[in-house]
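Visitor: Predicted structure and sequence below. I'll ask about it afterward.
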Amino acid sequence: MGNLHVRFERKLRQELVLLLSLMTLRNKKRTASTKTSGLPLLRGYASQRKVDGSQVRGCQVSRIAVKACVRAILAIILVAVMGPVFATTQALAQVATSVTSTHGSGSLGTTVTTNGPTIQITGGTRPGGGTNLFHSFGQFNVASGDTAQFLNTTPSLRTDNILSRVTSGNPSSIFGSIDTLSYPGANLFLMNPAGIVFGPSATLHVGGSVAFTTANYLRLAGADGSGSGIFHADTTTPSLLTSASVSTFGFLSPNPAAIAVHGSRLIVQPGQSISLVGGNISVQSGTPENGISQSARLSAPGGQIKIASVASPGEVLAANFGKAPNTHGQSLGTLGTVRISKQSHIDTSGEGGGAILVRGGHLIVDDSTTATARPDTSLRQVHCGDGKYRILQ
């Protein structure tokens, strides 16, 4: 994308220089004749674009020149519209590692220590000495080549779930590795309502399942409804932390933040799952710094890959991505867009079979593949609220 942008920008400069030169020349001639029209400018531009004036006359030259000028003007508009996208792409390549604990009482006891390229995360809160471990981060950005390591300093205690929130209001950019292997089999939840971006060098070293969400809170409840609790990303809203499992992802905003996967290779252990739950969700190719473009890949061998995109307040059930009312009594009215493009690959094939579950208002699969161990289920568990479901090959 960066090379394309440079070539496009160079070509645009050439076209603008040519147009400005002709306009300057025209302005000089206008002082000698008030009857000068825009047609010579258009003809001049057309001739500079290697249009043979001896073969075309009058309005034909004008049409050709107008088309050339329109193309240049459209290019200017395109830069104005797409400039932020190009800028974002370039900015993503310059992510610096910044993993900090939340300041004040909302830190939940999280401690962050830098040891070379490894950021060690210890402490946290374990309600009642149970199996859930909670962490709170101010910032959570991991650069390429660096690792955010959740380090187990209490191996005698069993840990089923590591639940983390990011409280600064800034998106998380993950271009390096996340490692929780010192907690064998533990699931990882990372919640950042401001957004999450995975870069092309992002990797996971997690023994259990992973869930990345831009929800505002996680509701906790046992299968029988026991141990009910809630974990808010907003430190000013009281949380009730328990050892129950995550039952729902709660959204309070009418416009939840996006999750983007750019060329990442996110892979979990066989039989585990990857969940992306947020606003608009995109999975597409990306370019590592000083590298070439690579396709994105989500892989859960024999497990599940679950993607839910929402565009309104409400709750998403963790088990089946059904709907439920949030803490304000609001249920999801509008779902968002899931876009899988640019040779991305989503794969749950493996021993025992896997499944891919997608819930959204729009699903677009463009020049990408999905695979499960059971051909009859590959990307068939799709729920699109308005029926806008397109697979483009």
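Guide: On my side now, so go ahead. Numbers count the residues shown, from 1 in each chain.
Visitor: now for the host helix or strand of Leu266, which elements pack on it?
Guide: Assigned by DSSP states H and E, Leu266 falls within strand 265-267. Applying 3 or more Cβ pairs under 8 Å, 6 or more residues apart in numbering; DSSP states H and E, one finds that strand 265-267 contacts strand 203-205, strand 297-299. Every C-beta, even on glycine, is put in place using the N, C-alpha and C of the backbone.
Visitor: which other residues reach stretch 180-190?
Guide: 133, 140, 149-152, 155, 159-164, 166, 172, 178, 196, 205-213, 218, 246 (Cβ atoms under 8 Å, 6 or more residues apart in numbering).
Visitor: Inside strands: which ones of these?
Guide: Counting by DSSP state E, those place 133, 140, 149-150, 161-164, 166, 172, 178, 196, 205, 210-213, 218, 246 in strands.
Visitor: count of residues packed around the residue nearest to Gly336 when sequence neighbours are not counted?
Guide: Nearest residue to Gly336, sequence neighbours excluded (Cβ to Cβ, 6 or more residues apart in numbering): Ser309, at 3.4 Å. Burial of Ser309 is recorded as 27 neighbouring residues (other Cβ atoms under 10 Å).
Visitor: Do I have it right that Ser309 meets Thr334?
Guide: No. Ser309 lies out of contact with Thr334 (Cβ atoms under 8 Å); the separation is 10.1 Å.
Visitor: Give me the below-cutoff pLDDT ranges for this structure.
Guide: The model of the chain has pLDDT under 70 over residues 1-94, 373-393.
Visitor: can you map out the helices along it?
Guide: Using DSSP state H, the helices of the chain run over 2-30, 39-48, 59-92.
Visitor: Show me which residues of stretch 170-186 are buried.
Guide: Judged by neighbour count using 16 or more other Cβ atoms under 10 Å, the buried positions of stretch 170-186 are 171-180, 182-183, 186.
Visitor: Could you tell me which residues touch both of Ser309 and Thr334?
Guide: Common neighbours of Ser309 and Thr334 (Cβ under 8 Å, 6+ apart) are Gly361.
Visitor: related to what we said a few turns ago, and among the helices and strands packed on strand 265-267, the most buried is which?
Guide: Greatest average neighbour count among the helices and strands packed on strand 265-267 goes to strand 297-299 (a mean of 21), per mean count of other Cβ atoms under 10 Å.
Visitor: which residues are in contact with it?
Guide: 261, 264-268, 274, 283, 305, 344-348.
Visitor: got a list of what Thr113 touches?
Guide: Ile119, Gln120, Thr122.
Visitor: separation between it and Ile340?
Guide: 38 Å (Cβ to Cβ, to the nearest Å).
Visitor: same check, this time on Thr369
Guide: 9 Å.
Visitor: Which one of these two is surrounded by more residues?
Guide: Ile340 (28 against 16).
Visitor: beta partners of that one?
Guide: Beta-bridge partners for Ile340, by DSSP bridges, are Val283, Val365.
Visitor: In contact with it, which residues?
Guide: Ile340 neighbours (Cβ under 8 Å, 6+ apart): Ser282, Val283, Gln284, Ile346, Leu363, Ile364, Val365, Asp366, Ser368, Thr370.
Visitor: Over to Gly169?
Guide: Going by Cβ under 8 Å, 6+ apart, the list of residues near Gly169 reads Ala194.
Visitor: Please apply the same query to Ser368.
Guide: Shown in contact with Ser368 (Cβ under 8 Å, 6+ apart): Val283, Ile340, Ser341, Lys342, Gln343, Ser344, His345, Ile346.
Visitor: mind checking how far the residue most central in space within the chain is from Asn326?
Guide: The centre of the chain sits closest to Ala260, judged by Cα atoms, centre = their mean, with a distance of 1.0 Å. Noted for Ala260: a distance of 24 Å to Asn326, by Cβ to Cβ.
Visitor: what does Val358 give?
Guide: The gap separating Val358 from Asn326 is 22 Å, by Cβ to Cβ.
Visitor: what's the answer for Val142, then?
Guide: Val142 is 30 Å from Asn326, by Cβ to Cβ.
Visitor: More neighbours: these two, which one.
Guide: When neighbours are counted by other Cβ under 10 Å, Val142 and Asn326 differ, and Val142 comes out ahead with 26 against 22.
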